[in-house]
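# Pasting a predicted model and its sequence here:
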Protein chains: 2
Amino acid sequence: MEFELINRYFAPLGTQLGLGEFSAGDLGIGDDGALITPPANSQLVVVTDTSIAGVHFPVSTHPFDIGWKALAVNVSDLAAMGARPAFYSLALTLEQYDQAWLNAFSAGLNAMMQSLPVDMSGASFPLIGGDTTRGPLSITITAHGWVERGQALLREGAKPGDGVFVSGQLGEGGLGLSLALAGLQPRSVDESLALAKLNRPEPRVALGRALIGLASSAIDISDGLLADLNHILQASNVGVDLSADTMPLSAAVKAWAGSDPLKPLNAGDDYELCFTLPLRYWSRIEQLSSQLGIKISHIGEITAELGCRLNGELLVPSKQGFNHFARD
Amino acid sequence: MEFELINRYFAPLGTQLGLGEFSAGDLGIGDDGALITPPANSQLVVVTDTSIAGVHFPVSTHPFDIGWKALAVNVSDLAAMGARPAFYSLALTLEQYDQAWLNAFSAGLNAMMQSLPVDMSGASFPLIGGDTTRGPLSITITAHGWVERGQALLREGAKPGDGVFVSGQLGEGGLGLSLALAGLQPRSVDESLALAKLNRPEPRVALGRALIGLASSAIDISDGLLADLNHILQASNVGVDLSADTMPLSAAVKAWAGSDPLKPLNAGDDYELCFTLPLRYWSRIEQLSSQLGIKISHIGEITAELGCRLNGELLVPSKQGFNHFARD
């Protein structure tokens, strides 16, 4: 019975159904399943991400941040496909029924949803159903988006000569995680930003939408720039030449990286987009950057020669991430 | 790296993408998300169900059966909405990388999928993505189906005078669970069937599809006939008068129920459909039953008077399930 009460905390997250492009006959929480009418000429994008306490976030993380981030990491995958977030389901496993925890967790989900850019249609991003069970804390979200038919941003499609771009700053999630795990208070604005990026990442939905028709490939760099860019290289059957001094790194991240310039490029938990763009569209990036208020850096070029190079030197995957060939 | 290898077991479950009504540009496993083109004039049905070892199935359950059932319970919710299963995502949390376990588990998922009725379109039911993480065994599946626009079977819609029907036999899941928990071998054909129903339930997809345009409401009785029928009563703002001697109970279930005739009506884990039908369609049921090879029983009538009655006696919810009013 307690676990039925949980729905009290989640029902308000589903009330936006019926607005925007949802149809009159659409249904959210309350029947055997949700019922959604697809908008015309669209493809459905489906992404799933599980967050487990102690694996994906420190056990000390505030439940508001757990809720925010569990949803944000899914939205980041939608953004990387160029989709607009449409609705999501939530499978929540909890050790016990804790009202304060549930209140903060659902407030985090709600705040994440409210932070998203509102579509021309007025569509929001309702919770449409899910499951609550008893067990070790675990959150699985399956998020759904819509993208114009045939227009989704994929990992394949990068061509030799395309520029490689990345949004925001690199290594902030990694720095934030090292501060959180050490239980350290931030000592600078940069460190505060890094902690905020770790706990409340802001998925690049507007950027993903704007890149439709421009980018030849895109991915979100939740597993680190080099690992995720490598997915683009493999799917597109190309290589890359990166330029070390164009990498967007804050002073705090540089200090954290110390003598290892690859550290921020291997660190995960950056929910930025890495994308490739044909030469003819490079001039649009500056305009896009100022329009969206997002820093966008040009960090290298796609090459016909396979492999990932930094300042011309080949990097290879190792247990600690991508490393210089000779030092592996 | 081990957890990346897990995808080897699941990639074959996604290869049906591209058949039937999937479009050429549709994508399954391998990018940031899956990409699905909706069929014309359809609504998407989304259901989510989590299965946790020791909570939703005995820890001794064979991994083949864990895979089968984790998918089947989701398909049962799709069937209750009248939807045809279309694709699903899987979030699997595992303590350790165990090849034999993964092999059997994925075979169970595959066998469940293969058991489903093939649509006229030749569409199958591919796995389109998900997440694998390390932790206590837990399976969350989000399954998706398509239903003709405006035609989904809902919990609301039952009207006074409608007949109440149920497919299959009641209490088999409950009997099966009691045998499994006691570690007992089945002593009769009925008990063997009960164990099979517990571990490899066969969701009523073809029945759900056939009820479109006929049933005034429907639900699957995974939480027990009385609890789930009560959801129909509440959503439809009606009551019911059930007839005890029309309940479909095997001899083994009757023996298990002993002196408590309500036991099989309160037991969960029956993945049958309970539905209501206006008088003018009752004659169709016999034909439907023989056509689909499914036993369908007429167990009562919807009443304007609220509440659930068995042979005229009011039943009320208690901690042990619905019970006689005087004995609660």
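That came through, no problem. Numbers count the residues shown, from 1 in each chain, chains lettered A, B, ... in the order given.
# How is chain A partitioned into domains?
Listed domain ranges for chain A are A:2-148, A:163-327 (source: automatic domain parsing).
# Where among these is average confidence lowest?
Considering the domains of chain A one by one, the lowest average pLDDT is found for domain A:2-148, at a mean of 88.
# tell me the SS of A:Ala86?
Going by DSSP: H, G, I helix; E, B strand; the rest coil, the secondary structure assigned to A:Ala86 is strand.
# distance of it from B:Leu94?
Between A:Ala86 and B:Leu94 the computed distance is 30 Å (C-beta to C-beta, to the nearest Å). Quick note: C-beta positions are derived from backbone N, CA and C, even for glycine.
# same question, A:Ser178
In this structure, A:Ser178 and B:Leu94 are 27 Å apart, going by C-beta to C-beta.
# What of A:Pro63?
25 Å.
# now do A:Leu71
A:Leu71 sits 24 Å away from B:Leu94, going by C-beta to C-beta.
# which of the two has more neighbours?
Neighbours per residue (other C-beta atoms under 10 Å in any protein chain shown) separate A:Leu71 from B:Leu94, with A:Leu71 holding more: 30 against 20.
# hang on, the more buried one in a helix?
Yes - using three-state DSSP, the secondary structure at A:Leu71 is a helix.
# Quick check: closest non-adjacent residue to it.
Distances taken as C-beta to C-beta, 6 or more residues apart in numbering or on different chains put A:Met112 closest to A:Leu71, at 4.4 Å, once the chain neighbours are dropped.
# A:Leu195: what secondary structure?
When states are read from three-state DSSP, the local structure at A:Leu195 comes out as helix.
# how many neighbours does it have?
Using other C-beta under 10 Å as the criterion, A:Leu195 is surrounded by 20 other residues.
# ok, now A:Trp68?
Every residue meeting other C-beta under 10 Å relative to A:Trp68 is counted, giving 25.
# correct me, but it touches A:Gln114?
No - the criterion here is C-beta atoms under 8 Å, and A:Trp68 misses it with A:Gln114 at 10.5 Å.
# what residues does the helix or strand A:Ile299 falls within touch?
In this structure, A:Ile299 is located in strand A:296-303 according to DSSP states H and E. Strand A:296-303 is touched from outside by A:158-167, A:207, A:236, A:238-243, A:246-248, A:276, A:282, A:285, A:288-289, A:309, with contacts defined as C-beta atoms under 8 Å, 6 or more residues apart in numbering or on different chains.
# quick one: which of those residues sit in helices?
Using DSSP state H, the subset of the contacts of strand A:296-303 located in helices is A:207, A:236, A:285, A:288-289.
# Out of those, who's the most crowded?
Sorting those by how many neighbours each has (other C-beta under 10 Å) puts A:Leu207 first, at 25 neighbours.
# Thought A:Leu292 was touching that one, still the case?
Yes - under the contact definition of C-beta under 8 Å, A:Leu207 touches A:Leu292, with a separation of 5.9 Å.
# separation between the closest residue to A:Arg284 other than its chain neighbours and A:Leu288?
Nearest residue to A:Arg284 in three dimensions, chain neighbours excluded: A:Leu214, at 6.3 Å (C-beta to C-beta, 6+ apart). In this view, A:Leu214 and A:Leu288 are 8 Å apart by C-beta to C-beta.
# A:Val55 - that's part of a strand, no?
No - counting by three-state DSSP, one finds A:Val55 to be coil, located in no strand.
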